[in-house]
Structure formats: structure tokens, C-alpha cells
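**Q** sequence first, then the predicted structure, then my questions.
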Amino acid sequence: QVQLVESGGGLVQAGGSLRLSCTASGRTFSSYTVGWFRQAPGKEREFVTSITWVPNTYYTDSVKGRFTISRDNAKNMVYLQMNSLKPEDTAVYYCAGVKYGSTSINPNEYDYWGQGTQVTVSS
């Protein structure tokens, strides 16, 4: 069983930066692929980025070159550094985990979810 808790969301102006953190419980965290998803009001949850247990990383096109995912297995943490934020990045951001997962963009393939953290980018 893994529990995930996101933090670091907030309000930022367009062009600014935020760093989200996903803290995981459990002693086998290094075996997990962790993904970040986001959901804006009235829209479906969408894939943002993921980092596998290898680790390999994968990004959706809209955030390539702006967002960076990383992990620190010793601290059971995954980070999402978000730079050059745009108003369309506004959403609730969720981290999700699956053991020995691939770079899946399908949220149904993830077994564990955090409660989400709000990111609001003003224009």
C-alpha cells in the first residue's frame, strides 16, 4: 500500500514558476512509476508527465521544455518543476503511482492517487 500527498500548489502569474512535491509512504517507493495528471474545471483528467522506476521520463507535448519531473528515492519524493507557466496550466494537479509501471498516460493504469493540489496561473 502506498499513500501519496501532493504539496506546493498556489497562485502564480503567467511566466512564473512553481515546484510541486509528491511525498510517498512505503518502503518500496523506488519500484514505482509516478505520474502527474491535472484536471481543469469542466475537463477530463489529463496526463502531464511521468517518471518510471528505471528511471525514464515522459512529457506531454504541451509541457515539454517547461516542466521537469525528478525523483529522490531516498526521501520518497517526486518533484514537478514548472517554469514559464501559462494560464492554461491552471488545474488541480495529482500525483499517481503504479508499481513497475511504464510511462503510461492512461490514468486507469495507476493504482494510487494523492488528493491533489491547486495550481492557478493568472494572466
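**A** Sure, I can see it.
**Q** neighbours of the residue nearest to N106 when sequence neighbours are not counted, how many?
**A** Taking C-beta to C-beta, 6 or more residues apart in numbering as the measure, N106 lies nearest to F47, with 7.7 Å between them; neighbours along the chain are not counted. Where C-beta positions appear, they are placed from N, C-alpha and C, glycine not excepted. Residues contacting F47 under the criterion other C-beta atoms under 10 Å number 20.
**Q** how about E88, what does it touch?
**A** 62, 121 (C-beta atoms under 8 Å, 6 or more residues apart in numbering).
**Q** helix, strand or coil for it?
**A** With DSSP: H, G, I helix; E, B strand; the rest coil as the basis, E88 sits in helix.
**Q** which residue is nearest the middle of this protein?
**A** By C-alpha atoms, centre = their mean, the mean C-alpha position of the chain lies nearest to W36, the distance being 2.4 Å.
**Q** roughly how far does it sit from R27?
**A** Distance of W36 to R27, computed by C-beta to C-beta, to the nearest Å: 23 Å.
**Q** who's in contact with the closest residue to G16 other than its chain neighbours?
**A** Excluding the flanking residues, the one nearest G16 by C-beta to C-beta, 6+ apart is L85, at 5.5 Å. If you count contacts by C-beta under 8 Å, 6+ apart, L85 has them with 12, 14-18, 66, 119, 121.
**Q** apply 6 Å and report the result again.
**A** 12, 16, 121 (C-beta atoms under 6 Å, 6 or more residues apart in numbering).
**Q** what do you get for G9?
**A** G9 makes contact with 117-119, according to C-beta under 6 Å, 6+ apart.
**Q** the same query, at a cut-off of 8 Å, please.
**A** Contacts of G9 (C-beta under 8 Å, 6+ apart): 18, 20, 92-93, 117-119.
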